[in-house]
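Asks: got a predicted structure plus its sequence, pasted below:
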Amino acid sequence: MRSTLKASALALAAAFAAPAAFAEGHALTGDLKIFLDTSNPAPRATMEAMIGRFQEMHPDLNIETTVIDREAYKTQIRNFLTADAPDVATWYAANRMRPYVEAGLFEDVSDLWAEPEIAENLASTKGAMTIDGKQWGVPYTYYQWGVYYRKDLYDQYGLSEPTNFDEMKSNCQTLLDNGVKCYTIGTKFLWTAGGWFDYLNLRTHGYDFHMEMAAGDVPWTDDRVRETFANWRELIDMGAYVDNHQNYSWQEALPFMVNGEAAAYLMGNFAVAPLREAGLSNDQIDFYQFPAINPDVALAEDAPTDTFHIPANAANKDAAREFLRFVVSAQEQTEINNGANLGQLPVNASASIDDDKFLAEGFEMLSSNSPGGVAQFFDRDFPAEMAAEAMQGFQEFMVFPDNLDDILSRLEQVRQRVYQ
Amino acid sequence: MTVTALPDTEATPPKRGWYKRNEIAVTPWLFLAPAILFFAVYVIIPIFQSFSISLYDWDGLGEARFVGMANYQELVTDRAFEVSLWNNLKWLVFYLLAIPAGLFIALFLNQTVTGIRIYKSLFFSPFVLSQVVVGLVFAWFYLPNEGLLSNMLGWFGLGPVNVLGDPTWATYGIIAAGLWPQTAYCMILYLTGLNAVDPEQVEAARLDGAKGWKMLWYVIIPQLKPATFIAFVVTIIGALRSFDLISIMTNGGPFGQTRVLSFYMFEKALSEYGFRMGYGAAIAVVLFLIMLVFIAYFLFSMYREERGGR
């Protein structure tokens, strides 16, 4: 009896307070449904702790969190965005969000980006969140790509971090002469080969050319594209990559590096955690930026950004906007991206970066040594269908480099259909 | 008959309701109604929907655009589709090996020895395993360097082979993995069939001097015809449904060489990068037409069987 009275009194109070609360951005009420794809143990705990802190700030808000397996999420998102939309959902930046933006399933959040707090601190990722001049979500983390290598092996054979393609190849030759593969890779799920194409293309022709390709303005049979593949072929013909890579996932390719059968791995920063868990110490693993190939081309990097969006069919958009503001705040960004949590880079310029050598090096590289620009990743910059066909072609090229002409003409056909 | 049974004392028979009068005719339909309803909603109507979606260019989210037969025209020139079609054919042909293999294991196990039930259940166990587990186990078995197969070949001085990484062999490797549980299934069908073999006929054949292969071919196998038919049906269906093993063992690769139609449809329409509902539906229609050939054959033979049985 007493509790019902209390509840109705609260509800009344909330109803009256609502207009005022809206202005203040506090005392949110109602339900907030959050869908997350952060199903790996560490990210999941990070997110749940972060939502817990948001809940403390807004005790009257009824938050309901659903964590979906990261791979399953990629196919489920189109169902729940149309049928039973949450108020907040995770996704990826750039072209990966385009189908949902074009179908009108993501809320335009340009108003958030107009607020000084976000406009000033998140400027670096604004481009990745923009389609048709509007912003469709906010980023919450990003991470560098680059070459992670076995420093002890490099030292053993007297090698140093390469700064150009010739050094990269001569390093590789030394390793091969000693029975060590230069690079481990597992292409079973294709996208890892996309990383190699990104870097070889960015280094051979630069960021602008790469983005022209992503936009469909360059035929795959163009001579400049062939130059990129010619550089790639040099590495393949040397035997730089581990054998039978088409059988392995990226995780299954890690043991080659751990066991010292391969010396380096072109990967995102998320590879560091499993390498450490496998027993490699900080003295054994190190990082270098992918070396320059054409000295006239400005260095550009891949740095995939993970994002939060508000579905267009969300019920509680006020609370969702407040949650997005909370996620990108400097304090939360410092917290969730530190080494104990996501171990990645904060998107907020006022946030501080955790004291971890890979994060420090990555941040340094992206903020001061990537004048060409920052790309997302092959399958986020290129449209889904083009990316799927192309990555399959890359895998085939890495196994049968002689099929190149056939692969390129096939990809050109796909390009003509996809971008029509 | 009912007329004579009616008592004479009753002058006018009680007026019966519509349902009572038509009870015999209506009741079966009432019992069938739920099944018909659900079969229509979940099977028949979607078939026609697939046909109609296959005429559109649609990403599953936005507006669908009518393109007529364009999806089918593209299929004709699509090499990945051609590869998938051939792989489906390989599955259909080689998966049938499960039938003779199952028969011979059944014949071998059809004896009374102590503990035969344990052996039978051991042979049957692969069918109980989830396809995902079978796929994983075989994927490890086939691993190029540390896998058991490469090691075993090493004993005979043969080099390591990469079954699942080689576009020519990968499909056969997956079919071999699929045969393991399917053989067990056929075996159990034949074991029950062997119980129904008439011992008198076997006795008579033996008196006539039949033994060995002749006994098997002319006496046993004809009597196993019903079991063979069921084994054929489930194996064909199993071959056309091969999806989970491919997804687990190779994910359609290397470079799409182990895809079958169902997997290709999934990739084009529903997977991470698949946004072509219309194209996927067109592939589904082709797969449906292939299945229709077998379905028609099965239905026809069952119909003939029923008529013959009467």
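Replies: Structure's in. What do you need? Please read these numbers as outputs of a predicted model, since none were measured by experiment.

Asks: switch to C-alpha atoms for all contacts and neighbour counts from now on
Replies: Noted.

Asks: what residues does the stretch 251-400 of chain A put near chain B?
Replies: Contact residues, the stretch 251-400 of chain A versus chain B (C-alpha under 8 Å from any C-alpha of the partner chain): A:384-385, A:387-388, A:392-393, A:395-396.

Asks: A:Glu107: which of these is nearest?
Replies: A:Ala384 (21.0 Å; C-alpha to C-alpha).

Asks: ok, now which ones touch that closest one?
Replies: A:95-96, B:273-275 (C-alpha atoms under 8 Å, 6 or more residues apart in numbering or on different chains).

Asks: which of these tops the neighbour count?
Replies: A:Asn95 (24 neighbours; other C-alpha atoms under 10 Å in any protein chain shown).

Asks: and the nearest residue to B:Tyr185 once chain neighbours are set aside, how far is that from chain A?
Replies: Excluding the flanking residues, the one nearest B:Tyr185 by C-alpha to C-alpha, 6 or more residues apart in numbering or on different chains is B:Phe127, at 6.2 Å. Distance of B:Phe127 to chain A, given as C-alpha to the nearest C-alpha, to the nearest Å: 26 Å.

Asks: hmm, B:Pro181 and B:Phe127 touching each other?
Replies: Yes - under the contact definition of C-alpha atoms under 8 Å, B:Phe127 touches B:Pro181, with a separation of 4.3 Å.

Asks: and the two? Which one has more around it.
Replies: B:Pro181 (22 against 19).

Asks: need the pLDDT of residue 129.
Replies: No chain in the question, so chain A it is. With respect to pLDDT, A:Met129 has a value of 91.

Asks: not quite, I wanted chain B
Replies: For B:Leu129, pLDDT reads 90.

Asks: now do the phi/psi pair for it.
Replies: In terms of degrees, to the nearest 10, the main-chain angles of B:Leu129 are phi -60, psi 150.

Asks: OK, contacts around the nearest residue to it once chain neighbours are set aside?
Replies: Once flanking residues are discounted, B:Leu129 sits nearest to B:Pro181: 7.9 Å by C-alpha to C-alpha, 6+ apart. Residues in contact with B:Pro181 (C-alpha under 8 Å, 6+ apart) are B:124-129.

Asks: which of the residues you listed fall within helices?
Replies: B:124-128 (DSSP state H).

Asks: between those residues, which is nearest chain A?
Replies: Comparing those against chain A with C-alpha to the nearest C-alpha places B:Pro126 closest, at 24.2 Å.

Asks: which among the contacts of B:Pro181 end up buried?
Replies: B:124, B:126-127 (16 or more other C-alpha atoms under 10 Å in any protein chain shown).

Asks: adding distance to B:Tyr42, write these out as JSON lines.
Replies: Formatted as JSON lines, the buried ones among the contacts of B:Pro181 follow (distance: C-alpha to C-alpha, whole Å):
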{"residue": "B:Phe124", "distance to B:Tyr42": "32"}
{"residue": "B:Pro126", "distance to B:Tyr42": "31"}
{"residue": "B:Phe127", "distance to B:Tyr42": "28"}
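
Asks: closest to B:Val41 out of the residues you listed?
Replies: If you rank those by distance to B:Val41 using C-alpha to C-alpha, B:Phe127 comes first, at 31.1 Å.

Asks: so the closest one versus B:Val134, what's the distance?
Replies: Distance, B:Phe127 to B:Val134, using C-alpha to C-alpha, to the nearest Å: 9 Å.

Asks: just A:Gln173 next, same as before
Replies: Distance from A:Gln173 to B:Val134, by C-alpha to C-alpha: 41 Å.

Asks: and A:Thr90, by the same measure?
Replies: 34 Å.

Asks: continuing past the helix or strand hosting A:Glu385, what's the next helix or strand?
Replies: For A:Glu385, the host element (DSSP states H and E) is helix A:384-399. The helix or strand immediately downstream of helix A:384-399 is helix A:404-418, counting by DSSP H and E.

Asks: tell me the buried residues in that next one?
Replies: A:404, A:407-408, A:410-412, A:414-415.

Asks: and of those residues, the nearest to chain B?
Replies: A:Arg410 (9.3 Å).

Asks: measure the most centrally placed residue in chain B to chain A for me?
Replies: Nearest to the geometric centre of chain B sits B:Ile237, at 1.7 Å (C-alpha atoms, centre = their mean). As judged by C-alpha to the nearest C-alpha, B:Ile237 and chain A stand 27 Å apart.

Asks: how about that residue, secondary structure?
Replies: helix (DSSP: H, G, I helix; E, B strand; the rest coil).

Asks: show the pLDDT at it.
Replies: Reported pLDDT for B:Ile237: 88.

Asks: excluding chain neighbours, what is closest to the most centrally placed residue in chain A?
Replies: For chain A, the residue nearest the mean C-alpha position is A:Pro304 (2.5 Å; C-alpha atoms, centre = their mean). Closest residue to A:Pro304 apart from its sequence neighbours, by C-alpha to C-alpha, 6+ apart: A:Gln376 at 4.4 Å.

Asks: what residues does the closest residue to B:Leu164 other than its chain neighbours make contact with?
Replies: Nearest non-adjacent residue to B:Leu164, counting by C-alpha to C-alpha, 6+ apart: B:Ala170, 4.2 Å away. With C-alpha under 8 Å, 6+ apart as the criterion, the residues that contact B:Ala170 are B:163-164, B:257-258.
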